[in-house]
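**Q** Sequence and predicted structure are below.
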Amino acid sequence: MLERNVETFIGCDASYDDARIVLFGAPFDSTTSFRPGTRFAPHAIRSESFGLETYSPWLDRDLEDISVFDSGDIELCIGSAEKALNQISERTSVILADGKIPFMIGGEHLVTLGAFREIFKKYPDVHIIHFDAHTDLRDDYLDVKLSHACVIRRCHDLTGDGRIHQFGIRSGERAEWRWARQGHTDLHPFNFDGLAETVKGLGNVPVYFTIDLDVMDPSVFPGTGTPEYGGVTFMQLLEAIKTVCDGCNIVGLDVNELCPPYDQTGASTAAACKIIRELLLSIKI
C-alpha cells in the first residue's frame, strides 16, 4: 500500500483503499533538449492547485464527490533515464496491481514510457491517444533512444502499427512525419479534427491518454520547455479532453511538460491545475 503525500493536489486526499484513481509525480527532465525545468512541475501543480475550487462549473462535478489518492512524487534518479523509467514502472505496477487507475504528473514526456510499459503488460491490446505539439517519433536523438523526442516511437516499439492516435501535432523532423504517414501512427495534425470519430471507433478497448501541455499555443501556455506556435486554445483542449474521457475506457493517463520557471506569472501552472481537475472529474470510474 502507498502512503498519502504530505501535500496533495486539492481534493485528492482519499484513503488509498477507497481511491479509484491514484496520482503520482514524476519530476524528471534529464533528456530535455531545449529548456529544462519540468522536474519542478509536480510540486508547483500541487501547491498552486489550492487556488482552485474542488467544484467544476463546466462539468457540474466536484472532487469531493470522488475518491482520488495522491501518492506524491517518486524520488527519481537524475543521472540515468533507464533507472528513472524503471522507478516509474514500479510505482505504476503497484497501482495497477491494486486495481486502480494511475495518473502521472510529469516531468518531461519521456516519463510516459515508464508508465506505459506497465500498462502494456496488463492491457496488451491498449491504444494510445496522444495530444502534443511534437511528433516525438524520432528513433533516436543525438544517438540516444531514451529521449523525450523519442517517447512515442518507443511506445510504438511495444504496440506496433495502428494503435497510436496523435492530435494537435505541428512540429517534427520530415522523416518523423513521413514515418507516421506510412501508417505507423494515426496522425491528425494541427488540431483535434477526427477525434470524435477516433474515439467512437475505439469502442471499449483500453486507452492510455497522454497529454503534452505544449499542444496549447504558447500565447495561452508559455510555461513549457519547447514552445511551438500554432497550437490549440485552453477551451479547445478541455473540449477534446471531455470527448476522450466520455467515450474511452481509460486505464492510465499522464499530463506532462509544464515548465514553471518559464512562466513567472504562474498562469501556465494554473492552466495545468485546471486541466488536471477536469481530467479527474471526467474519467469514467
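**A** Ah, there it is.
**Q** Tell me which helix or strand E82 sits in.
**A** Element membership for E82, per DSSP states H and E: helix 81-97.
**Q** hey, C-alpha coordinates of that helix in PDB?
**A** Only the C-alpha atoms of helix 81-97 are listed here, as PDB (Å, rounded to 0.1, in the frame of the first residue of the first chain):
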ATOM      1  CA  ALA A  81      16.900   7.700 -17.800                       C
ATOM      2  CA  GLU A  82      16.500   3.900 -17.700                       C
ATOM      3  CA  LYS A  83      16.700   3.700 -13.900                       C
ATOM      4  CA  ALA A  84      14.200   6.600 -13.700                       C
ATOM      5  CA  LEU A  85      11.800   4.800 -16.100                       C
ATOM      6  CA  ASN A  86      12.100   1.600 -14.000                       C
ATOM      7  CA  GLN A  87      11.200   3.600 -10.900                       C
ATOM      8  CA  ILE A  88       8.100   5.000 -12.700                       C
ATOM      9  CA  SER A  89       7.200   1.500 -13.800                       C
ATOM     10  CA  GLU A  90       7.500   0.200 -10.300                       C
ATOM     11  CA  ARG A  91       5.000   2.800  -9.000                       C
ATOM     12  CA  THR A  92       2.700   2.200 -11.900                       C
ATOM     13  CA  SER A  93       2.800  -1.600 -11.300                       C
ATOM     14  CA  VAL A  94       1.700  -1.200  -7.700                       C
ATOM     15  CA  ILE A  95      -1.200   1.000  -8.600                       C
ATOM     16  CA  LEU A  96      -2.400  -1.400 -11.400                       C
ATOM     17  CA  ALA A  97      -2.000  -4.500  -9.200                       C
END
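**Q** so what does that helix touch, helix or strand wise?
**A** Helix 81-97 is packed against strand 21-26, strand 101-106, helix 111-122, with contacts defined by 3 or more Cβ pairs under 8 Å, 6 or more residues apart in numbering; DSSP states H and E. Just so you know, the C-beta spots here come from the backbone N, C-alpha and C atoms, and that holds for glycine as well.
**Q** Please render the ones you listed as CSV that adds distance to Y229 and mean pLDDT to the earlier fields.
**A** Below are the helices and strands packed on helix 81-97 laid out as CSV (distance: least, Cβ to Cβ, whole Å; pLDDT from 0 to 100):
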stretch, distance to Y229, mean pLDDT
strand 21-26, 27, 98
strand 101-106, 22, 98
helix 111-122, 24, 98
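**Q** Of the ones you listed, give the one that comes closest to V151.
**A** helix 111-122 (5.4 Å; Cβ to Cβ).
**Q** From the chain's centroid, how far away is the helix holding E82?
**A** 15 Å (Cα atoms, centre = their mean, to the nearest Å).
**Q** Over to D263: give its phi and psi.
**A** phi -140, psi 90 (degrees, to the nearest 10).
**Q** which residue packs closest to it, ignoring adjacent ones?
**A** G223 (3.0 Å; Cβ to Cβ, 6 or more residues apart in numbering).
**Q** swap in I285?
**A** R20 (4.4 Å).
**Q** give me every residue that touches the one you found.
**A** R20 makes contact with 66-68, 100-101, 285 under the criterion Cβ atoms under 8 Å, 6 or more residues apart in numbering.
**Q** mind listing the helices for this structure?
**A** 41-48, 81-97, 111-122, 151-159, 174-179, 195-202, 234-247, 267-282 (DSSP state H).
**Q** Could I get the contacting residues of the nearest residue to E7 once chain neighbours are set aside?
**A** Of all residues not flanking E7 in the chain, R46 sits nearest, at 5.2 Å (Cβ to Cβ, 6+ apart). Contacts for R46 (Cβ under 8 Å, 6+ apart) come out as 5, 7-9, 25, 70.
**Q** Tell me the spacing between V111 and D212.
**A** V111 sits at a distance of 11 Å from D212 (criterion: Cβ to Cβ, to the nearest Å).
**Q** neighbour-wise, which of the two wins?
**A** V111 (32 against 29; other Cβ atoms under 10 Å).
**Q** Which residue is the nearest non-sequential neighbour of the more buried one?
**A** A26 (4.0 Å).
**Q** Would you confirm that that neighbour contacts G107?
**A** Yes - using Cβ atoms under 8 Å, A26 is in contact with G107, at 4.1 Å.
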